[in-house]
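Q: Okay, here's the prediction I keep looking at, along with the sequence it came from:
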Amino acid sequence: LPQAQELQKPRLLLMGLRRSGKSSIERVVFHKMSPNETLFVESTSKLRKESIVLSMDLEIWDFPGHLDVDDPSFDGEEVFGGSTALVFVIDAQDDYLEALQRLYTTVTRAHKVNPEISFEVLIHKVDGLSDDHKIETQRDIHQRISDELADAQLDNIHLSFYLTSIYDHSIYEAISKVIQKLIKQLATFENLMNILCSNSGVEKAFLFDIMSKVYIATDSSPVDMQSYELCSDMIDVIFDVSSIYGPDTQDATLSPSSNPNPGNGQGHAVIKLNNGMVLYLREVNRFLSLVCLLREDNFEKQGLIDYNFRCFQEAILDVFRLRKHGPGALKDKYSH
Ligand code: GDP
């Protein structure tokens, strides 16, 4: 029988002081709220649990800023157990010493309960900082927290740092990376994407969770911010247009899956750019789309690319079937 931990959904814990920006991050990334509207968002006042990144069955838990992890009523086992990423948000525009203190107590407590937990520190609201100031702030925060952990002989605890803002793509990029650490099949996805790219003349490809616009995998060539932004903007353009002008406009504002043929895995779109590159989007299933960036002359062999894509799509869907139903799911397919 599966262990209780395996039945638990992987989750992302959003923690940090009040007004650090937790609710705003959640609204902007997972609910498509525009950043300016977050000025009026109510600060997180009680624990909220929500399913996000539907393709991966991932939950987000948004904690109130006054949460005290040392309070006896706080159930550390329940919160920190299982497959979990702890995202700690620090307001970089404010004095962060208190936040660092809280980060330290949270990290040490969580690590005691679950040494497998991944710690992700968002140095947030960096839109107000100059480039030099950003780097200096990150260095300072890294140094202070490492010193404290070293003093307590806990330097085996690893923390990752990200500079983020809801006013640009940096928050999506950071959340994407955090989520990828929770995906057990990441290496398989990456491998499949490498094969697809090298056989189809694709320069860069992202597998996007459509609703949240986080990417759950990419090929192993380095991610440059500009291609990521282009691919992510394409998701917005295509799904906005298709939800407004698609044949079935009823409920169209609810989700891209209210398209006439939800998730039939056939949807695709092409955008030719003025620099000789092409953006090519293909729907994988109801929740996932692949977006590729490639040179226009390579796109002339679209038949080949489409054939390779179908093989890729089949393999990805097999991975999901395996995840859901275990090895038996593919018995018929591969038994000969
Ligand atoms: P919470 O208490 O941690 O949930 O914080 P909120 O989400 O309520 O955010 C507090 C304030 O910070 C709000 O007025 C947001 O508009 C603002 N905020 C959040 N993220 C950013 C950001 O990236 N840059 C800037 N400049 N302000 C932000």
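A: Yep, that arrived. Keep in mind it's a predicted model, so treat the numbers as computed, not measured.

Q: Against which helices or strands is the helix or strand where residue 228 lies packed?
A: Residue 228 is part of helix 225-245 when elements are defined by DSSP states H and E. With contacts taken as 3 or more C-beta pairs under 8 Å, 6 or more residues apart in numbering; DSSP states H and E, helix 225-245 sits against helix 170-182, strand 202-209, strand 215-218, strand 268-272, strand 277-283, strand 288-295. Bear in mind the C-beta positions are built from the backbone N, C-alpha and C, glycine included.

Q: would a markdown table of those with distance to the ligand, mean neighbour count and mean pLDDT be doable?
A: Converted to a markdown table, those look like this (distance: least, C-beta to the nearest ligand atom, whole Å; neighbours: other C-beta atoms under 10 Å; pLDDT from 0 to 100):
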| stretch | distance to the ligand | mean neighbour count | mean pLDDT |
| --- | --- | --- | --- |
| helix 170-182 | 7 | 21 | 92 |
| strand 202-209 | 21 | 23 | 95 |
| strand 215-218 | 20 | 24 | 92 |
| strand 268-272 | 28 | 14 | 93 |
| strand 277-283 | 27 | 21 | 95 |
| strand 288-295 | 25 | 23 | 95 |
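
Q: Including distance to residue 83, could the ones you listed go into JSON lines?
A: Shown next, in JSON lines, are the helices and strands packed on helix 225-245 (distance: least, C-beta to C-beta, whole Å):
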{"stretch": "helix 170-182", "distance to residue 83": "6"}
{"stretch": "strand 202-209", "distance to residue 83": "17"}
{"stretch": "strand 215-218", "distance to residue 83": "15"}
{"stretch": "strand 268-272", "distance to residue 83": "33"}
{"stretch": "strand 277-283", "distance to residue 83": "27"}
{"stretch": "strand 288-295", "distance to residue 83": "20"}
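
Q: what residues does stretch 169-185 touch?
A: With contacts defined as C-beta atoms under 8 Å, 6 or more residues apart in numbering, stretch 169-185 is touched by 10, 12, 25, 28-29, 53, 56, 58, 83-85, 87, 118, 120, 122, 126, 160, 162-165, 186, 189, 212-217, 223, 225, 228-229, 232, 319, 323.

Q: sorry, back to before: looking at the helices and strands packed on helix 225-245, which is nearest to residue 78?
A: helix 170-182 (17.6 Å; C-beta to C-beta).

Q: tell me the angle the closest one makes with strand 202-209.
A: 80 degrees (axes from the mean of the first three to the mean of the last three C-alpha atoms, to 10 degrees).

Q: quick revisit: output the helix holding residue 228 in PDB with nothing but the alpha carbons.
A: Provided in PDB are the C-alpha atoms of helix 225-245 (Å, rounded to 0.1, in the frame of the first residue of the first chain):
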ATOM      1  CA  MET A 225      15.200  35.700 -19.900                       C
ATOM      2  CA  GLN A 226      14.200  37.100 -23.300                       C
ATOM      3  CA  SER A 227      13.200  33.800 -24.900                       C
ATOM      4  CA  TYR A 228      11.400  32.900 -21.700                       C
ATOM      5  CA  GLU A 229       9.400  36.100 -21.800                       C
ATOM      6  CA  LEU A 230       8.600  35.700 -25.500                       C
ATOM      7  CA  CYS A 231       7.300  32.100 -24.900                       C
ATOM      8  CA  SER A 232       5.400  33.100 -21.800                       C
ATOM      9  CA  ASP A 233       3.800  36.100 -23.500                       C
ATOM     10  CA  MET A 234       2.700  33.800 -26.300                       C
ATOM     11  CA  ILE A 235       0.600  31.700 -23.900                       C
ATOM     12  CA  ASP A 236      -1.200  34.900 -22.800                       C
ATOM     13  CA  VAL A 237      -1.800  36.100 -26.400                       C
ATOM     14  CA  ILE A 238      -3.100  32.700 -27.700                       C
ATOM     15  CA  PHE A 239      -5.300  31.900 -24.800                       C
ATOM     16  CA  ASP A 240      -6.700  35.400 -24.400                       C
ATOM     17  CA  VAL A 241      -7.600  35.500 -28.100                       C
ATOM     18  CA  SER A 242      -9.000  32.000 -28.200                       C
ATOM     19  CA  SER A 243     -11.100  32.500 -25.000                       C
ATOM     20  CA  ILE A 244     -12.600  35.700 -26.500                       C
ATOM     21  CA  TYR A 245     -12.900  34.800 -30.100                       C
END
